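Participant: A structural model of the following input is requested.
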Amino acid sequence: MSTLKIGFVQQQCSTEKLDNVQKSLDGIAACAANGAQLVILQELHTGIYFCQAEEAAMFDLAEPIPGADTQIFAEAAKKYGVVLVTSLFEKRAPGLYHNTAVVFEKDGSMAGKYRKMHIPDDPAYYEKFYFTPGDLGFVPIHTSVGKLGVMVCWDQWYPEAARLMALAGAELLIYPTAIGWASADADAEKLRQHDAWFTVQRGHAVANALPVITVNRVGVEPDWTGVTGGIEFWGQSFVAGQQGEILHRSSAHLEENVVVEIDMQRTEAVRRNWPFFRDRRIDHYQGLTKRYLDAEH
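Facilitator: Numbers count the residues shown, from 1 in each chain. Here you go, the predicted model:
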């Protein structure tokens with residue numbers, strides 16, 4: 001496949017699950033109508049970003065996989081004939097929950113899933129309370145449109161994760177995400193945070209000569225406990241090409257359904273000219289498996 005049309009849905013979510021699901025379904029339909037072969041949804045697109053606070057009742061939002069939510073999106077993938085990347089709150093067993101991306105083939109079958117590996121625990125992002133770290137590793141999901149290196153949000157800060165996906169044959173790096181500014185952030189800090197987020201993922205594209213697709217939520221979601229002023233999700237979903245060039249960047253404030261065409265053959269051409277994989281010194285990277293390289297005394 002020389003070119004691939006990728007669609008993504010940048011949406012604002014509320015406490016009304018049915019409304020959120022319908023927005024996702026409408027976005028899938030809009031992308032498919034514009035020729036998308038692959039459609040990507042943002043992190044936890046069926047509900048609010050409930051990790052702003054620690055509250056046990058929020059576990060009731062989770063669904064088993066397969067379950068009611070996967071059935072809805074499996075049917076959408078089949079109806080519109082697209083490969084579909086979703087992001088769901090998975091109830092695996094009593095007391096065991098994951099932040100899970102589920103990928104559906106265009107016939108509605110489940111192509112695979114990825115459980116979020118890196119779990120943050122920061123102010124307004126208390127994910128360790130809810131999610132068990134993933135146990136499926138960094139393994140691309142094979143689909144009819146290619147091998148998808150799907151990861152989720154906090155994973156996007158880790159070059160090791162992107163590299164392992166690339167080494168396993170991923171043809172795209174895909175990040176459903178939910179990131180924004182906490183209410184206490186100063187304007188200068190907001191700018192630094194966004195620039196760091198944008199830059200590190202472009203770096204993954206450059207270092208691996210792979211397109212990167214990042215799909216973020218948008219809009220303000222209040223902290224239902226009233227402890228903070230909530231989170232302003234910064235949107236700005238984007239697609240970067242194999243040398244980090246920006247093929248599309250969405251609005252910081254608006255919901256959008258976008259289709260972008262990617263030249264998949266450029267990976268081979270770029271890697272021939274910038275042979276990072278050839279020149280890797282794998283005989284000297286043992287330290288990467290350690291938590292920290294303490295000085296010897």
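
Participant: pull out the buried residues from the one helix or strand Val260 maps to.
Facilitator: Element membership of Val260 [criterion: DSSP states H and E] is strand 256-263. Within strand 256-263, the residues that qualify as buried by neighbour count (16 or more other Cβ atoms under 10 Å) are Glu256, Asn257, Val258, Val259, Val260, Ile262. (C-beta placed from N, C-alpha, C; glycine too.)

Participant: just checking, what packs against whatever helix or strand Glu232 lives in?
Facilitator: Using DSSP H and E, Glu232 maps to strand 231-234. Secondary-structure packing of strand 231-234 (3 or more Cβ pairs under 8 Å, 6 or more residues apart in numbering; DSSP states H and E): strand 180-182, strand 218-221.

Participant: make CSV from the ones you listed and add distance to Lys79, mean neighbour count and mean pLDDT to it.
Facilitator: Formatted as CSV, those follow (distance: least, Cβ to Cβ, whole Å; neighbours: other Cβ atoms under 10 Å; pLDDT from 0 to 100):
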stretch, distance to Lys79, mean neighbour count, mean pLDDT
strand 180-182, 31, 22, 91
strand 218-221, 25, 19, 97
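
Participant: and of those, who's closest to Gly287?
Facilitator: strand 180-182 (33.7 Å; Cβ to Cβ).

Participant: doesn't Gly203 lie inside a strand?
Facilitator: No: secondary structure of Gly203 (DSSP: H, G, I helix; E, B strand; the rest coil): helix, not part of a strand.

Participant: surely it touches Val212?
Facilitator: No: counting by Cβ atoms under 8 Å, Gly203 sits too far from Val212 to count as a contact (9.3 Å).

Participant: higher neighbour count, the two?
Facilitator: Per other Cβ atoms under 10 Å, whichever of Gly203 and Val212 has more neighbours is Val212, with 25 against 15.

Participant: distance of that one from Ala184?
Facilitator: Shown here: Val212 relative to Ala184, a distance of 29 Å by Cβ to Cβ, to the nearest Å.

Participant: now do Val150
Facilitator: Distance of Val150 to Ala184, given as Cβ to Cβ: 32 Å.

Participant: what about the residue nearest to Ala162 when sequence neighbours are not counted, how many neighbours?
Facilitator: Of all residues beyond its chain neighbours, the one nearest Ala162 is His204 (4.0 Å), with distances taken as Cβ to Cβ, 6 or more residues apart in numbering. His204 has 26 neighbours, counted by other Cβ under 10 Å.

Participant: please verify my assumption that His204 contacts Leu210.
Facilitator: Yes: using Cβ under 8 Å, His204 is in contact with Leu210, at 7.5 Å.

Participant: make JSON lines out of the buried residues of strand 256-263 and add distance to Ala74.
Facilitator: What follows is those, written out as JSON lines (distance: Cβ to Cβ, whole Å):
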{"residue": "Glu256", "distance to Ala74": "24"}
{"residue": "Asn257", "distance to Ala74": "20"}
{"residue": "Val258", "distance to Ala74": "23"}
{"residue": "Val259", "distance to Ala74": "22"}
{"residue": "Val260", "distance to Ala74": "24"}
{"residue": "Ile262", "distance to Ala74": "25"}
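
Participant: picking that back up, just checking: what are the partner strands of the strand holding Glu232?
Facilitator: Here strand 231-234 is paired, per DSSP bridges, with strand 180-182 (antiparallel), strand 218-221 (antiparallel).

Participant: partner strands of the following helix or strand past it and their direction?
Facilitator: Using DSSP H and E, the helix or strand that follows strand 231-234 in sequence is strand 238-240. Next to strand 238-240 in the sheet, as set by DSSP bridges, lie strand 212-216 (antiparallel), strand 246-249 (antiparallel).

Participant: which of the ones you listed sits most buried?
Facilitator: For those, the largest average neighbour count (mean count of other Cβ atoms under 10 Å) is found in strand 212-216, namely a mean of 27.

Participant: which stretches in the stretch 1-150 of the chain count as helices?
Facilitator: In the stretch 1-150 of the chain, helices defined by DSSP state H, counting those that start in this stretch lie at 17-33, 68-80, listed in chain order.

Participant: for the protein, which spans come out with low pLDDT?
Facilitator: 1, 296-297 (pLDDT under 70).

Participant: which strand runs longest in it?
Facilitator: Counting by DSSP state E, the longest strand found in the chain is strand 83-93.

Participant: now that strand: buried residues?
Facilitator: With burial defined by 16+ other Cβ under 10 Å, the residues of strand 83-93 counted as buried are Val83, Leu84, Val85, Thr86, Ser87, Leu88, Phe89, Glu90, Lys91.
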